[in-house]
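A.B. asks: Would you be able to build a 3D model of this:
(5 chains, ligands or ions: 4)
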Amino acid sequence: GAPAQGEEKVTIFAAASLKNALDAINANWKEESGKETTASYAASSALAKQIEQGAPADIFISADLAWMDYLAEKKLIKADTRSNLLGNRIVLVSAKTDADPVEIKPGLDLAILLGDGRLAMGAVDSVPAGKYGKAALEKLGIWPTVAEKVAGAESVRAALLLVSRGEAPYGIVYKTDAAADPGVKVVGTFPEDSHPPIIYPIAITTDSKNADADAYLEFVKSPKAAALFETQGFIVLE
Amino acid sequence: MSLEVEARHRIGSFVIDAAFRSEGGVTALFGRSGSGKTSLINIIAGLLRPDAGRLLLDGDLIADSEKRLFTPIHRRRFGYVFQEARLFPHLSVRRNLAYGRWFANAGKSASEFAKVIEMLGIGDLLERRPSTLSGGERQRVAVGRALLAAPRLLLMDEPLAALDEARKAEILPYLERLRDETKVPIVYVSHSVAEVARLAERVVVVENGRVKASGTAAAILSRPADAIERRETGALIEGVVDSHDVGHRLTVLRAGECLIRIPHLVTAPGQRLRVYIAGRDVMLATTRPEGISALNVLQGTIVDLSRTQEGSVDVRVDCGGTIIVARITALSREALGLEPGKPVHAIIKTVALDY
Amino acid sequence: MSLEVEARHRIGSFVIDAAFRSEGGVTALFGRSGSGKTSLINIIAGLLRPDAGRLLLDGDLIADSEKRLFTPIHRRRFGYVFQEARLFPHLSVRRNLAYGRWFANAGKSASEFAKVIEMLGIGDLLERRPSTLSGGERQRVAVGRALLAAPRLLLMDEPLAALDEARKAEILPYLERLRDETKVPIVYVSHSVAEVARLAERVVVVENGRVKASGTAAAILSRPADAIERRETGALIEGVVDSHDVGHRLTVLRAGECLIRIPHLVTAPGQRLRVYIAGRDVMLATTRPEGISALNVLQGTIVDLSRTQEGSVDVRVDCGGTIIVARITALSREALGLEPGKPVHAIIKTVALDY
Amino acid sequence: MDWMALSDAEWTAVRLSLRVATVAMLSSLPFALLAAMALARGRFWGKSVLNGLVHMPLILPPVVTGFVLLILFGRRGPIGAFLADNFGLVFSFRWTGAALACAVMGFPLMVRSIRLSIEAVDRKLEDAAATLGANPAWVFLTVTLPLILPGIVAGMILSFAKAMGEFGATITFVSNIPGETQTLSAAIYSFTQVPGGDAGAMRLAIISIVISMAALMLSESLAAAAARRTVAA
Amino acid sequence: MDWMALSDAEWTAVRLSLRVATVAMLSSLPFALLAAMALARGRFWGKSVLNGLVHMPLILPPVVTGFVLLILFGRRGPIGAFLADNFGLVFSFRWTGAALACAVMGFPLMVRSIRLSIEAVDRKLEDAAATLGANPAWVFLTVTLPLILPGIVAGMILSFAKAMGEFGATITFVSNIPGETQTLSAAIYSFTQVPGGDAGAMRLAIISIVISMAALMLSESLAAAAARRTVAA
Ligand SMILES: Nc1ncnc2c1ncn2[C@@H]1O[C@H](COP(=O)(O)OP(=O)(O)OP(=O)(O)O)[C@@H](O)[C@H]1O
Ligand SMILES: Nc1ncnc2c1ncn2[C@@H]1O[C@H](COP(=O)(O)OP(=O)(O)OP(=O)(O)O)[C@@H](O)[C@H]1O
Ligand SMILES: [Mg+2]
Ligand SMILES: [Mg+2]
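C.D. replies: Ligands and ions are numbered 1, 2, ... in the order given. The predicted model follows:
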């Protein structure tokens, strides 16, 4: 039901890729404040639409700006609570763990590297990591040569799996994901200016009546939480 | 207790166009395979909705296509013994038998249940599934199921076809009692003239979807016409039980002026009884024979003779008002010089009258 | 052409333990409903694998539980007319009929196909689906389907039960021809003594899963024992066709010293023929009757008399070597003073010998 | 196998999955029966529309079904608001919503199975029951229903199994809230979305398989027993 | 309705979806028949394992099924490598892989339908065919197969519909490559993942529904015709 009292748990709707970090942070928050939390991890799109339909979320953490903007437009988040919580980088990974590093710069002949293999990445028109990847490749002028070779996965995780299973020789994934997979090697990181900033925004929902929401928001932005985010490879903004 | 049926219906290329009525008792539907007997019964039961037709039972209008009246099957309460058993495969024999009783509210008494089961010899099968029954056993259970539903009208489509003679001989008297005691009208399909002769008051001969002949059993079964199979010609004698010869287990039946001895001690003296005397069982003699085993020697006069067909002739003899049909060879006819008006003796063995 | 069957099998609480052999021709399985006839046929067909048993056809070992030999159903090539038609619902009548011919390779000729269809009267049904057939039509198609599969052995489970007399009279001669001309052995289940008497060389009486009696049709059908239904006692006479009376459409049969006149012109003079004379159709006379229509008056001597049962007695009469059984009332027996050794005349109507 | 030991949260997901699957299966049964009867026997205008509607959850990607459910049955949705106001029946972000999503996703499977069985019923047996005095409702209860039992069981099995595996529509409709809407499948999905989650996903998948297999075997043996009673040797 | 006009890319997705669904349905049919026969008639050790295996794609979240397919049928997977080396049959990133994923996801539905029909076949008819000289293979072809046609058709419909809606396992296994593996569902899914994509998703969903409904109606009328031939009035 709709949480009316402060006694209710804080409910966080967060992009699925934040699960590991947020689980750790929520455990910490419970230790410190003695308060429980509830976290629902799903695709940002689903979460945003659910909030639109009156989901009992207090906090929304999106994997990209688009879905936060979507809610902001509909005045479903408290504008003053919105901030950019995390950043991330996209990297080029190789299926060969002994692959040579490459410098990612304009004119990189990725097509040659791929040979007749595919470039695995998030679906370029729906998955955030895919969109960033495509933007970067376009900016670097590589896109036209590889567009035909892109395999758009359902999520970054799936793209990573394609590489680590050797289905695709190279892939573009988040640094956070790449770091944790021993089956792939990061051969290059995309320059920060080659794509729009990768940002995980956070905000309290307009419907939230939970008195602890503000405190939780503070905690998530605290250095303690920052450390936990960084353990997972995220870049803490601000 | 009267039944009135009128129906026109087309199934594929087959056309039913039949009407008959009966004043209760057993009405036999007689006809060759494919003549439309089952279709007609289905129409009565309500399983087949005729293009046009009327059905009246006992003055109740059950269905009338003109008035757009059609009583649903389950409200007709017509017991139906199907040609192919149609037992419920998921129910035990006991629950198959009990199925209709459930809806008959009052139901029949437990003793009736026991009686029917005993008569049909299915006591040992009660806990079995229909799929484990033999063909005849299945048919017997189907008969029991219909009987126990306390129907207002009983439709029986060759109910005894799969049964041995002994079993038939056990079930037929039960049906006779049902007819006489409970007054449930019965529409009965059978290919057996003996069965029909024994049970039916009325016979309706169906051919190609039409009623070819219809009337009292006596009239239809005695008619030399080919209404029913020629080979089955005979005479249905209606009489009154005159006396019993208990020592010899014989019953004497009086039909008009004739006394006919029939086997077994059937019904009480004074009761009406019908006996079918097949033409093949009647011998003719020009002089009264002596020292023969046949107990029935009836004096009479030849009424007429049929055409010779395949070497045999049907001779109708008037024995004191009762017409008896004898089928004899053309050779005998010549040898004895049989002609209409000639006095003859009709000789009938008593045991030949035992079904 | 010999068939040897031996089987022990348990189905639920029912136990089959039967063995019989036959030297080809038609073997009738006779027995009350639920006695195990269908089970036995299923064992022969291979549909039921007995716990123990042996099956030999013509010296070929078809199945032997000891040798763990079991020829699969389809390699036996035994035509089977099931008790319940079992037509293929998805095939037209024509394709049902043709189903077995397909596998019979050579198949039967087109003329044979036409002949069978004509005999069964199913020519108009060829394009129909089985679900639109009447009960009897279905059974006829089933008979045709089995006949047309060119079987090595024909198993027929009450094939004619659903048919009218006229139709039976058309099919029986065909089966007789099949038996005589093609020499296909037939195992035939029927409740009709007339059918059995006419067709069968051997009769196997089944009771409660066991063979109660088995032997030539003549022996079994004439036996006064209650091997078969008492009501059906009679004598099977084997004889040779002596001559034809073409004008009167009669056939004269010589059996031992007796000449018996039977209706119709059956087979050619010199051919063997069997006639079943039911006890109920035989009259006895102490003096030779004159001026009677019955054509057969056979002189003989009483061999023995059965006990009186329900007012009737079976009398066996030796007519020049041929035993004839007459069933008469106890009353007549007393009146005529019939005792073993007494000379009598057995009187049999010719038309009574027409099935 | 220490790693098989379930955390409290996982136990919760297991219990929730079982509850959701069972409720989904049972509550859709009457509707599936009705729809199957209508499709198999009915002759009415719009039959093919009904048929299409029943198949819709199969044809559409689950996410779309989830969105449609969210829009119709959400707190602000027309049906959701109506049910909440009049019957106090709330689906949004409750386990009931998860059950609804699973029921809808399994519906075409259940209807098809039952319909197939209904079409195979020998209507002559129903006629026989009617001649014995049973009205149509009784005929259905005492003859049709027992005869279509195999189809019903098959449909229930499919619906249950589908409910165990469903997450696309569920997670879209009622989110992924532990203890309320996070079923096993949703939990497995969550695991697959983060680094190092594979072991967790695998563990939960095995649990899901074990549960479903147990349910499967149970139902199969029940069905076999029922069949033996019906068509004995 | 201008907005219903399809772009080239969308046309490609439509054609691909049809091809994938058709191939998935047809190629899984023989295996489904085999599995259904084994489950309905067979008596062998491991029957319940086979049964469980058949149901697995239903029980597991599609993503997991996709992972399993990737591991088994991928270029480096044991089966995938074997098939590629010996038969030149490559699944990864090919439409064939999408078809495989759809076939696997629809398999339990197909098997169940067919199995239900097989269990309803009157084996006495098969016996009758055997007495007429048909060996088991012929009995199957000429009697069993025609009699289970309704179940086969139902199974094919379910499989086709499922293939039209499937994307979880497909996208995980073979990704989302326009013209190669991007089916309609995958395209719909993509639309749902971006703000403002609803109209696009709706448009494609309607197309998918129209196609599936057409296929559905066609199959229903074919099945009805077949049924009329079998159990005429
Ligand atoms: N599964 C079973 N359990 C118990 N008894 C059975 C089972 N199957 C058959 N029987 C019994 O076996 C007996 C023989 O059956 P069968 O079908 O061979 O009889 P039948 O001689 O052909 O009878 P009918 O003339 O009525 O067709 C029957 O009494 C039947 O009840
Ligand atoms: N759908 C149909 N199309 C064409 N003819 C049909 C159809 N249904 C039934 N018939 C025909 O109607 C006739 C009457 O069938 P019905 O079952 O009433 O016969 P019946 O007198 O009961 O025969 P039987 O004694 O063989 O049972 C049959 O000749 C049958 O072939
Ligand atoms: Mg009939
Ligand atoms: Mg039998």
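A.B. asks: now chain A, which segments are flagged as low pLDDT?
C.D. replies: A:1-7 (pLDDT under 70).
A.B. asks: Same question for stretch D:19-28: list its buried residues.
C.D. replies: Neighbour-count burial for stretch D:19-28 flags D:20, D:21, D:22, D:23, D:24, D:25, D:28 (criterion: 16 or more other CB atoms under 10 Å in any protein chain shown). For glycine as for every other residue, the C-beta is placed from the backbone atoms N, C-alpha and C.
A.B. asks: does any part of it sit near chain E?
C.D. replies: No. If you take CB under 8 Å from any CB of the partner chain as the test, stretch D:19-28 misses chain E, and the best it gets is 10.0 Å.
A.B. asks: chain center to that stretch: distance?
C.D. replies: Distance, stretch centre to chain centre, for stretch D:19-28: 6 Å (CA atoms, centre = their mean, to the nearest Å).
A.B. asks: So it, near chain A or not?
C.D. replies: No. Stretch D:19-28 is not in contact with chain A by CB under 8 Å from any CB; minimum separation 15.7 Å.
A.B. asks: Can you find the helix or strand of chain B with the lowest average pLDDT?
C.D. replies: helix B:217-222 (a mean of 78; mean pLDDT, DSSP states H and E).
A.B. asks: my bad, should have said chain D
C.D. replies: helix D:198-230 (a mean of 82).
A.B. asks: could you check whether that one is close to chain E?
C.D. replies: Yes. Against chain E, helix D:198-230 shows contacts by CB under 8 Å from any CB at D:201, D:205, D:208, D:209, D:212, D:213, D:216, D:217, D:220, D:227.
A.B. asks: on that earlier part again, is the least confident helix or strand of chain B in proximity to chain C?
C.D. replies: No. Shown here: helix B:217-222 not in contact with chain C (CB under 8 Å from any CB), separated by at least 13.6 Å.
A.B. asks: Walk me through which strands the helix or strand following that helix pairs with, and which way each runs.
C.D. replies: The helix or strand immediately downstream of helix B:217-222 is strand B:234-245, counting by DSSP states H and E. In the sheet containing strand B:234-245, its partner strands are strand B:250-255 (antiparallel), strand B:272-278 (antiparallel), by DSSP bridges.
A.B. asks: Just give me how far the last one sits from the chain centre.
C.D. replies: What it means is strand B:272-278. With CA atoms, centre = their mean, you get 12 Å for strand B:272-278.
A.B. asks: three-state assignment of residue B:56?
C.D. replies: Classification of residue B:56 using DSSP: H, G, I helix; E, B strand; the rest coil returns strand.
A.B. asks: Pull the contacting residues for the nearest residue to it once chain neighbours are set aside.
C.D. replies: Distances taken as CB to CB, 6 or more residues apart in numbering or on different chains put residue B:4 closest to residue B:56, at 4.0 Å, once the chain neighbours are dropped. Residues in contact with residue B:4 (CB atoms under 8 Å, 6 or more residues apart in numbering or on different chains) are B:21, B:54, B:55, B:56, B:57.
A.B. asks: Check which helix or strand residue B:4 maps to.
C.D. replies: Assigned by DSSP H and E, residue B:4 falls in strand B:3-11.
A.B. asks: The helix or strand following that strand to strand B:3-11, inter-axis angle?
C.D. replies: Downstream of strand B:3-11, the next assigned helix or strand under DSSP H and E is strand B:14-22. Angle, strand B:14-22 to strand B:3-11, by axes from the mean of the first three to the mean of the last three CA atoms, to 10 degrees: 180 degrees.
A.B. asks: List the buried residues for strand B:14-22?
C.D. replies: Quick answer for strand B:14-22 (16+ other CB under 10 Å): B:16, B:17, B:18, B:20, B:22.
A.B. asks: got it, and stretch B:1-11?
C.D. replies: Buried residues in stretch B:1-11 (16+ other CB under 10 Å): B:3, B:4, B:5, B:6, B:7, B:8, B:9, B:11.
A.B. asks: Are the longest helix along chain A and chain E in contact anywhere?
C.D. replies: Criterion DSSP state H: the longest helix present in chain A is helix A:19-33. No. For helix A:19-33, no contact with chain E is found by CB under 8 Å from any CB; the gap never falls below 14.7 Å.
A.B. asks: got a list of what residue B:159 touches?
C.D. replies: B:81, B:139, B:142, B:143, B:171, B:188.
A.B. asks: just the helices in chain A please.
C.D. replies: A:19-33, A:44-52, A:65-73, A:110-114, A:128-139, A:143-146, A:156-164, A:175-179, A:213-220, A:223-231.
A.B. asks: Could you point out which of the ones you listed sits nearest ligand 2?
C.D. replies: Proximity to ligand 2, assessed across these by CB to the nearest ligand atom, is greatest for helix A:44-52 (56.5 Å).
A.B. asks: contacts for the closest one?
C.D. replies: When contacts are defined by CB under 8 Å, 6+ apart, helix A:44-52 is touched by residues A:13-15, A:40, A:55, A:57, A:60, A:62-64, A:67-68, A:70-71, A:74, A:76, A:128, A:205, A:207, D:63, D:66-67, D:70, D:93, D:171-172, D:174-175, E:192-195.
A.B. asks: ok, of these, which come out buried?
C.D. replies: Buried, going by 16+ other CB under 10 Å: A:13-15, A:40, A:55, A:57, A:60, A:62-64, A:67-68, A:70-71, A:76, A:128, A:205, A:207, D:63, D:66-67, D:70, D:93, D:171-172, D:174-175, E:192-195, out of these.
A.B. asks: Run a quick neighbour tally on residue D:210.
C.D. replies: Neighbours of residue D:210 under the rule other CB atoms under 10 Å in any protein chain shown: 12.
A.B. asks: Tell me, how many residues neighbour residue 29?
C.D. replies: Reading this off chain A. Neighbours around residue A:29, by other CB under 10 Å: 23.
A.B. asks: oops, I was thinking of chain D
C.D. replies: Count around residue D:29 with other CB under 10 Å applied: 17.
A.B. asks: and the contacts of residue B:159, which of them are in helices?
C.D. replies: Going by DSSP H, the helices hold B:139, B:142, B:143, B:171 from the contacts of residue B:159.
A.B. asks: Distance to residue D:161 and mean neighbour count added to the strands paired with strand B:234-245, as TSV?
C.D. replies: Shown next, in TSV, are the strands paired with strand B:234-245 (distance: least, CB to CB, whole Å; neighbours: other CB atoms under 10 Å in any protein chain shown):
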stretch	distance to residue D:161	mean neighbour count
strand B:250-255	73	22
strand B:272-278	67	20
